[in-house]
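Chemist: sequence and predicted structure below; questions after.
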Amino acid sequence: MLKLKKWLLSLLVMAVMAVPVMAGNNDAKAANDNTANATSAEATPAAPSTILTSTAGDANVSSSSADPNSSPQAAGAPMAPPPPPAAPAVVPALVPVRVFPIDPPKTGGLNGIKVGPLTLAPYGFIKATVVHDSSDPDGDDFPFPGIWLNAGNNSTFNTGPTKDPEVHVKARSTRFGLNLEWPDISKNLTLTGKIEGDFEGNFSEVNNRDVSSIRSNQPQLRLAFVRMDYHASENSDIFFLGGQDWTLFGSGAMENILETTFNGAFWGNVYTRSPQLRVGFVQTLSKEHKVNLEGQFGIMMPSTGQILKLGNAAGNGLAAQLGEGEREGADADRPEWEGRVALSFQLDKAPGVSPAQIALAGFRSKRTSIVPNSSYLCNTDAGDALNCSLEAAFPNGFQASSTMWGGQIVAQLPTRWFTLVASAYRGGDLRFYFGGQINTFFTDTGGLTAASGPYVTADGGPLAAAGGAVLGCNAALNDDGSCPTGSAVVAPQRPIRSFGGFIQLGLPLSRWFNANPKGHNAGWQVYLTVGKDQVNDRDINNPSGSFCGVYASNPCNPVHAANSVAPLPLAMGKAAVGTLYYKFNNWCQFGFEESVYATRAIDKINLYTIAGSPSNEWQDHRTEFGPIFTF
C-alpha cells in the first residue's frame, strides 16, 4: 500500500510539473491569448466561478458552471467564441458547491447552440481516477458503509486473512448534460430546463459483454426538469419547477471531494434527487450587498429507499427491485412535503468572492406496509386462539405505518482567505437521503402482552434494515390464549432517528500567494472535510424494538423476542478527507485525495473480524488520483 501511495504521489508531482512545461510554461501570457483561463465568471465576482472544483468535486450535484441560472459563460461552451473577457485582477475565491441559485435565470441568459427558437448548451466532464482502498470487502469502487452486501453467509463481517485491499481504475464518474432555454412572447417570463445523466449506475447484462461487464456502464438519468420564472418586478421573482431535481431537504450543501460516486453518503452528507413539483420565490432585499431571500415549497416522490433484492419473503428479490422499485412510500397514499428558506448575502466584499448563504430546510413523509389477511389465517384445528382472535379483529388485513421527517441547517461562507461549508441534520428514517446508517424503522412491542408476526406484506416484506408488521394484544390474554375483545392492536412502527453532518474548509492556496490569475499556477486548492452520521442510541437499544435480543448487551422484551426482525447493527459512520486540486486551466484539473472512512458497530461489540482480529470498527484508508476534463 505504501508503495502504491508513493507511486501515486510521484505521478501527481510529475503531472503537475509536466503540464506547464507542455503548455509553454508562460504564466504571463496575455488574457487575449488564453481566454480559456479568464472567463466572464472570473471577471464578475457576483457570478459563480468556473473553477473546476465546483464541477469536478461535485459529482452528485449540478455544478455552478453548468447551471442554467449561472452566467452565460459558465452554462456551457458556446458555438461561436464570445468577445474576450476582461482579465481577472485576482485569483477567485473558492465557490461552494450549490444546488440552489443565488439569482433567478434571465431571458437570453443561456449562451449556447441555437436550434430554431431553442437554446441548447451541452456540458459535462470526463473523469478518470485510480483508487486504492486499504479494506474493501464489498468490492465496490467507492466507499460503502460497513454492512457488506457481497459477503457470503459464511463470511459476513470477516475480511479473511488480510484487510481485503483493492485497486480500481474507473471512468464511470463521467457526466453529460444539456441546459435549455425556451422563448416566450412575455419579456417577464423565462423558461429554462436541464437534462443530465451519468454512468454511475448499472453494469450491462448482455452476452457479448458478460465477460467485460465491469467496464460496460449504462447511462442513467440524474436530472430532468423545467423551470418557469415570472419576474414580477425588478427585485421579485416567482417560479415553478417540475421534474427530477435535487430535494430541498438534504441537498442544500454538498461536499467538494474527488470521490463522487457515493460522495460521503452515510458519512454525514445527506442528499438525493427526486421527482417533484415545487414553487418558490427569490426576493432581492439589497442589490448593494447582494442580499437575496429565497423560499421554496414542494411535493416530492414518497420513498423509503427499500432494497427489495435483499428480502427473504415471497415476492421479493432482484426481479422485484428492477420491476417495481419500492412501494411503501407510495402505499402511504400521500406525497412527501418539503420546504426550504435561504438567505444569501455578500459576507466578504473582496474581488472574486461569491455571496454566502444560510439555509433551513425540512421534510415530512409517511410509509405504509399493507398486510393481507392471508398472512395470518388462524388454524382452529391446531388451537391457534391468538391468531384466530387477531383475524377476527382484522378480518380484511391491516396496515402499519411510520413517519419520515428531517430538519437541516446549512451555512456556506466564502471569503478571500477560506471557504467554510457546514451542514447539520436530524431526522427519522433518513435512508433515502443516505442517513441513519441505512436503517429505516423499528417495530415497538412495548406494552403488549402478546404479539404475532412479523407478517409478509404486499410488497414482500419484512425487508432488510427495517422492522416488521406485527399484531398484538394490549390487555391480559383470555384463558385460552386469545386477545380479549377490543384489545387487538397493530404494533406501532417508529422511525429510527439519526443525526450528523459535515464541515469542510477550503483553502485557495493560489490566492494566498498572489499567483498570476492568468497563469498555470492559479488553481491550487486544498479541502479538508470531516463528516459523521450517527443513529440515536435509544432507538438501537430499545428493549421493545427491532434491535433487541440480537446481542447479549441488549436484553429483549419477552413479548418481542419471537417477533423481532434482524437489524443492521451499525451505530455510526465517520469520515475524514483531504483533497488537493491543481487546475491547469478552466477545462482541466488534477485531483489527489487521501481519506479515511469508518463504520462503528453498536454497543462496542466486536462485530467485525479484520485480518483475523476482532474489532468494533471497520476502516478504509483510501487514496484516489486522476484528471477531470470539463466541456
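Modeler: Thanks, I have it. Numbering: from 1, shown residues only.

Chemist: ok, now which ones touch the residue of the chain most remote from its centre?
Modeler: Here the centre of the chain is the reference, and by Cα atoms, centre = their mean the most remote residue is D479, at 53.3 Å. The contact partners of D479, taken as Cβ atoms under 8 Å, 6 or more residues apart in numbering, number zero. Where you see a C-beta, it was placed from the backbone N, CA and C, and this is true even at glycine.

Chemist: quickly find the element holding it.
Modeler: In the assignment (DSSP states H and E), D479 maps to no helix and no strand.

Chemist: how near is it to D384?
Modeler: Counting by Cβ to Cβ, to the nearest Å, the gap from D479 to D384 is 15 Å.

Chemist: try T119
Modeler: If you measure T119 against D384 using Cβ to Cβ, the figure is 69 Å.

Chemist: who has more neighbours, these two?
Modeler: Between T119 and D384, counted using other Cβ atoms under 10 Å, the more crowded position is T119 (24 against 18).

Chemist: what sits closest to the more buried one if chain neighbours are left out?
Modeler: Using Cβ to Cβ, 6 or more residues apart in numbering and skipping the chain neighbours, the partner closest in space to T119 is E181 (4.3 Å).

Chemist: same question, P462
Modeler: The shortest distance from P462 to any residue other than its chain neighbours is 3.8 Å, reached at G468 (Cβ to Cβ, 6+ apart).

Chemist: ok, Q218 next?
Modeler: Of all residues not flanking Q218 in the chain, N202 sits nearest, at 4.7 Å (Cβ to Cβ, 6+ apart).

Chemist: A128: neighbour count?
Modeler: A128 has 15 nearby residues by other Cβ under 10 Å.

Chemist: can we start the residue count at 119 from this point?
Modeler: All right, first residue 119 from here; so that's A246.

Chemist: got the phi and psi for S351?
Modeler: As for S351, its main-chain torsions (degrees, to the nearest 10) stand at phi -160, psi -180.

Chemist: try Y645
Modeler: phi -120, psi 130.

Chemist: dump the residue contacts of the residue nearest to it when sequence neighbours are not counted.
Modeler: Counting by Cβ to Cβ, 6+ apart, Y645 lies nearest to T697, which is 4.3 Å off, once chain neighbours are set aside. By Cβ under 8 Å, 6+ apart, T697 lies in contact with 175, 374-376, 644-647, 709-711.

Chemist: quickly list what T697 is bridged to.
Modeler: Each beta-bridge partner of T697 is listed here, defined by DSSP bridges: Y645, E711.

Chemist: ok, E318 to R327 distance?
Modeler: As for E318, its distance to R327 is 18 Å (criterion: Cβ to Cβ).

Chemist: and those two? Which one has more around it.
Modeler: Under the neighbour definition other Cβ under 10 Å, E318 and R327 were set side by side, and E318 has more, 22 against 13.

Chemist: which secondary structure state is assigned to that one?
Modeler: On the three-state scheme (DSSP: H, G, I helix; E, B strand; the rest coil), E318 is labelled coil.

Chemist: could you report the distance from it to K692?
Modeler: 24 Å.

Chemist: how about the residue most central in space within the chain, what does it touch?
Modeler: Nearest residue to the geometric centre of the chain (Cα atoms, centre = their mean): Y389, 3.4 Å. For Y389, the residues meeting the contact criterion (Cβ under 8 Å, 6+ apart) are 178-179, 364-365, 368-369, 372, 381, 383, 551-552.

Chemist: separation between the nearest residue to H739 once chain neighbours are set aside and A540?
Modeler: Leaving out its chain neighbours, the residue that sits closest to H739 by Cβ to Cβ, 6+ apart is S252, at 4.0 Å. Using Cβ to Cβ, S252 is found at 28 Å from A540.
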